[in-house]
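Participant: I'll drop the sequence and a predicted model, then ask my questions.
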Amino acid sequence: MNKWKIPGLVILSTILLSACSVNSNADKLYKQPKPLSAHVMLPETIKPRSIQVLEVHVMQENKTVDDAKSVQFKVWKKDAPRKVETVKAHYDGSMYKAKTTFKEDGIYYVKTDINARGEHILPTQQVAVGKLSKEELRSLQPAENETHHHHSHH
Amino acid sequence: MQEKREETTSTTKKSTARSQGLYKAIWRWHFYAGLVFTPFLLILAVTGGMYLFKPQVEERLYHDLYHVQAQSQSVSPSAQVQAVKEKYPGADVLTYKPSDRSTRSSEVGISLKDHTYTIFVNPHNGHIIGKLDDSSRLMNQIEEFHGELMAGTAGDRIVELAACWAIVLIVTGAFLWWPRKKDKIKGVLIPRFSKGKNVLARDLHAVPAFWISAGMLFLVLTGLPWSGLWGNAFQQIATNAGVGYPPSIWVGSAPTSTVQTKDVADVPWGAETLEVPSSTAQQYTKVSLDDIVGIAKEQHIHDGYTISIPQEPQGVYTLSVFSPRAQDEATIHLDQYTGAVLADYRYGNYGFMGKLIALGITLHKGTQFGFMNQLMGLIICIGIAGIAISGSLLWWKRKPAKNIGAPKVPEGNAMRIVTCIIVVLGILFPLVGLSLVIVWLLDFFVIKRIPALKRFLNA
C-alpha cells in the first residue's frame, strides 16, 4: 500500500489544486436573462430650432420588439439637468419614432427610456447640437477628466 | 469440549488485542493532531465567538455614523456621491449603499491611496457625517484573524488545515469516546466525579466533546466552503456542475457591458466654435446612479443592498445584498450603458449546493435566526475552547517527564486501518493529505534516524 500512497496523493492533490477555473459558459447552467437591447438612431447632424426625428430599434434575443409598454425620449441640456423634456415614441411598423426640437447650440443628453416585457432599459447618449464652444468640445474628450486618477482593478 | 473452550478464549484474546491496538493507533493520531492544532482551534473559537456579535458591536461602535435625524426631503444618490467626490477629490468611488430607512445614513465606498474607506452621508441633506478606514474596523480585523490569522494567504491555509484536522480530531475522538460496555451513561454522557482525578480529567474532555462535536463539525463544514484552497476548488466544481452559486457570486466572472462608445473625432482646437457632426460626438454614457437606484426598486431587491460602480469600460453595475437570511440574497448585474439586467441571481436561482452553502454561511455567522442563532454559535465556540483547553490539560497532567507522552505505535494491522481512514480524509481534503505527506517524509528522513527524537515522540 505504501508504494502508491504517496505518489497517488501527490497526483490527486495536484489535479484538485489545478482544476481551478470556472468555465466561461457556466452561466448557461443558471437562470438566463432576456435583456433588451436598443439601437438608438439620432440624426447625423442636429441643428437647433428645427424638428428632429429620434428613432430606436428595440430588440430582445435578436428579435424586434413591437409590443413595448412605453418608449420615451428624455432630452436635457448638459448644463440644465433639471429641465428634462419627455417625448413619447410610437411604433411605425419597424421602429419607435418621436419628434423633438433642440432649442439651443450645445451638448445635450438623450435618454431613451424603454419598458417592454417586464424589462426596463435606459441607454443615455451625449449629443452635440449646432455649434460647440471650445470648452464643450474639450468636455467631449472622455480622457480629459475621467482617467487621470484611474487605477486598473482586476 | 476443553479444546473448544480454549479456542474461544484465544479468539477473544486476539480480538481484544486487536481492538486495543486499534484504540492505541487512533489515540496516537488524536494525540498528535490535538497537540498541533489546539492553539489554532482555540484562536478560531475565540475570534469566531466575538465575530458572531458583529451587528450589535458595530451598532454601538458606529452609532453616530449610522444614524441620522428622520426628515421628509432627501437628496439624490448622485448628489450624495458628488458631495463625497468634492470632499475627496482624488478618490475613486467604488460603491454606494442607499439608506434603507429614514433614520439611517447612506454609505459611499471609496478608494484613496490604496486604502478603502466608507463615507457616511446624510441622505436628507447630502452632508458628510464621517469616514471609516475599512481595514481599521475592529470587526474586519477580527474577521481577518478568524479567516487568515492576519497572515494573508499563508494564514488562510493554516486556518483551512486546522479546520480539516478538526474533522480528523472529531472522527478519532468519537471513536475513543465510543462506549465499550453497553448501557453505560457515566463517562459517556455525564462525567464521573467520584472515580479519581485522572478519570474526571478524561471525562471533562471526552463528555463535553461529545455534546459539542455535532456543532463543531457543523461550523467546520459550513466554514470550509469559504476557505482559499479547498473552498475555492469546491466552489468551482459546484459552479461548473450547475449545482453551486451562479458565476460571479463566489467564483467566476460577471457578465460584461457592451461598449458602444465611439471615438471622438479629432477636432481642430484653433476654432472658437465648431459644428460637430453629432454622430462623432455621440457617446453612450454611464446610466446615472439615480436611474440604477430606480431599477433596484423595480427589481424588488431586498433592503440593505449595495451598488458596485463599474470602474472599466466593460464593467457592470452590480446590485448585491447578503442579508441576514440567506433566502433574501441577491446579485444583479446591469449593463452600465443601458441598465439592462444581464444576470439576476437570487437565492432561488442557486443550485442546491449553492443554497446549502449560502444557508451554511448565514448559520455559521449567526444571522439566519437572529439572536438564538448567535447564542447557539457562542455556546459552540465556548465549547470548542473548553475542549481544546481540557484536552491540553489532560495531556499535561499525564505527560511523563522524559518524553512527549504519545501513545506507543501498536503492532499489527491496527495502524494500517487507521492510516487508511486518514488517507481517505487526506484525499477529500488535499491540505490534510499534503500535511500527511510532509509528516511521513519528516518521519522517514528525520525522526526514524535520530534515536533521541524517536524516543521523545514515542515513534
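Facilitator: Yep, it's here. The structure displayed is predicted, hence computed values, not measured ones.
Participant: which residue lies nearest the spatial centre of chain A?
Facilitator: Nearest to the geometric centre of chain A sits residue A:123, at 4.8 Å (CA atoms, centre = their mean).
Participant: surely that residue touches residue A:74?
Facilitator: No - using CB atoms under 8 Å, residue A:123 is not in contact with residue A:74, being 11.1 Å away. (C-beta placed from N, C-alpha, C; glycine too.)
Participant: joint contacts of those two?
Facilitator: Counting by CB atoms under 8 Å, 6 or more residues apart in numbering or on different chains, the shared contacts of residue A:123 and residue A:74 are A:111-112.
Participant: out of the helices and strands in the chain, which is least certain?
Facilitator: You didn't say which chain, so I picked chain A. helix A:142-146 (a mean of 43; mean pLDDT, DSSP states H and E).
Participant: wrong chain, I was asking about chain B
Facilitator: Going by mean pLDDT, DSSP H and E, chain B bottoms out at helix B:278-281, a mean of 51.
Participant: find the helix or strand that residue 108 is a member of.
Facilitator: By default, I'm working from chain A. strand A:106-116 (DSSP states H and E).
Participant: switch to chain B, that's the one I care about
Facilitator: Counting by DSSP H and E, residue B:108 is part of strand B:106-112.
Participant: so what strands line up beside the helix or strand just after that strand?
Facilitator: Sequence-wise, the next helix or strand downstream of strand B:106-112 (DSSP H and E) is strand B:115-121. Note on strand B:115-121: by DSSP bridges, its sheet partners are strand B:106-112 (antiparallel), strand B:128-133 (antiparallel).
Participant: dump the residue contacts of residue B:41.
Facilitator: Counting by CB under 8 Å, 6+ apart, residue B:41 touches B:162, B:166, B:384, B:388.
Participant: three-state assignment of the closest residue to the second one other than its chain neighbours?
Facilitator: If I follow you right, that is residue B:166. Excluding its sequence neighbours, the residue lying closest to residue B:166 (CB to CB, 6 or more residues apart in numbering or on different chains) is residue B:220, at 5.1 Å. Look at residue B:220: counting by DSSP: H, G, I helix; E, B strand; the rest coil, its state is helix.
Participant: equivalent analysis for residue A:55, please.
Facilitator: strand.
Participant: can you check residue B:290 too?
Facilitator: helix.
Participant: give the rounded mean pLDDT of stretch A:112-131.
Facilitator: Rounded to a whole number, the mean pLDDT of stretch A:112-131 is 91.
Participant: let me see the contact set for the nearest residue to residue B:256 once chain neighbours are set aside.
Facilitator: In space, and not counting its chain neighbours, residue B:256 is closest to residue B:314: 4.3 Å by CB to CB, 6+ apart. With contact taken as CB under 8 Å, 6+ apart, residue B:314 is in contact with B:256-257, B:259.
Participant: which one of the residues you listed is nearest residue A:117?
Facilitator: Closest approach to residue A:117 among the contacts of residue B:314 (CB to CB): residue B:257, at 20.7 Å.
Participant: tell me which of the strands paired with strand B:115-121 sits most buried.
Facilitator: Highest mean neighbour count among these (mean count of other CB atoms under 10 Å in any protein chain shown): strand B:106-112, with a mean of 21.
Participant: and for that one, what's in contact with it?
Facilitator: Contacts for strand B:106-112 (CB under 8 Å, 6+ apart): A:151, B:77, B:80-81, B:84, B:88, B:90-99, B:116-121, B:123, B:134, B:306.
Participant: and stretch A:31-43, by the same measure?
Facilitator: Taking CB under 8 Å, 6+ apart as the rule, stretch A:31-43 contacts A:52-61, A:65, A:95, A:110, A:112, A:114, A:116-117, A:119, A:121, A:123, A:125, A:127, B:246, B:258, B:278-279, B:282, B:335, B:338, B:340-345, B:349.
Participant: just the buried residues from these, in PyMOL please.
Facilitator: Filtering those down to the buried ones (16 or more other CB atoms under 10 Å in any protein chain shown) takes a single PyMOL command:
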select buried, (chain A and resi 52+54+55+56+58+60+65+95+110+112+114+116+119+121+123+125+127) or (chain B and resi 246+278+279+282+335+338+340+341+342+343+344+345+349)
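Participant: check whether the strand holding residue A:108 contacts chain B.
Facilitator: Yes - judged by CB under 8 Å from any CB of the partner chain, strand A:106-116 and chain B are in contact via A:107, A:109.
Participant: strand partners (parallel or antiparallel) of that strand?
Facilitator: Here strand A:106-116 has these sheet partners by DSSP bridges: strand A:70-77 (antiparallel), strand A:119-121 (antiparallel), strand A:124-129 (antiparallel).
Participant: number of nearby residues for residue A:84?
Facilitator: 12 (other CB atoms under 10 Å in any protein chain shown).
Participant: with adjacent residues omitted, what lies nearest to residue B:151?
Facilitator: Per CB to CB, 6+ apart, closest to residue B:151 is residue B:158, 7.4 Å.
Participant: what about residue A:93, helix or strand, and which?
Facilitator: Using DSSP H and E, residue A:93 is not contained in any helix or strand.
Participant: and the residue nearest to residue B:332 when sequence neighbours are not counted, helix, strand or coil?
Facilitator: Once flanking residues are discounted, residue B:332 sits nearest to residue B:319: 4.3 Å by CB to CB, 6+ apart. Following three-state DSSP, we place residue B:319 in the strand state.
Participant: ok, residue B:319 touching residue B:304?
Facilitator: No - at 11.1 Å, residue B:319 does not count as touching residue B:304 under the criterion of CB under 8 Å.
Participant: settle it for me: which of those two has more neighbours?
Facilitator: Using other CB under 10 Å as the criterion, residue B:319 and residue B:304 rank with residue B:319 on top: 23 against 16.
Participant: and the more buried one, what's its pLDDT?
Facilitator: At residue B:319, pLDDT is 95.
Participant: which ones are touching it?
Facilitator: Counting by CB under 8 Å, 6+ apart, residue B:319 has contacts B:292, B:295-296, B:299, B:301, B:305-307, B:330-332, B:334.
Participant: how near is it to residue B:255?
Facilitator: 13 Å (CB to CB, to the nearest Å).
Participant: so how far is stretch B:187-201 from its chain's centroid?
Facilitator: Relative to its chain's centre, stretch B:187-201 lies at 36 Å (CA atoms, centre = their mean, to the nearest Å).
Participant: buried residues in it, which are they?
Facilitator: Here stretch B:187-201 shows B:187-188, B:191-192, B:201 as buried, counting by 16+ other CB under 10 Å.
Participant: between these, which sits nearest residue B:444?
Facilitator: Nearest to residue B:444 among the buried residues of stretch B:187-201 is residue B:201, at 34.5 Å by CB to CB.
Participant: now residue B:245. Its backbone dihedrals?
Facilitator: In terms of degrees, to the nearest 10, the main-chain angles of residue B:245 are phi -70, psi 140.
Participant: which residue ranges of chain A form strands?
Facilitator: Ranges of strands within chain A are A:36-41, A:51-60, A:63-64, A:70-77, A:85-88, A:90-91, A:96-101, A:106-116, A:119-121, A:124-129, A:131-133, based on DSSP state E.
Participant: angle of the second one against strand A:124-129?
Facilitator: Looking back up the chat, that one is strand A:51-60. If you take axes from the mean of the first three to the mean of the last three CA atoms, to 10 degrees, strand A:51-60 sits at 160 degrees to strand A:124-129.
Participant: what's the answer for the first one, then?
Facilitator: With the same axes, to 10 degrees as the criterion, the two stretches strand A:36-41 and strand A:124-129 enclose an angle of 0 degrees.
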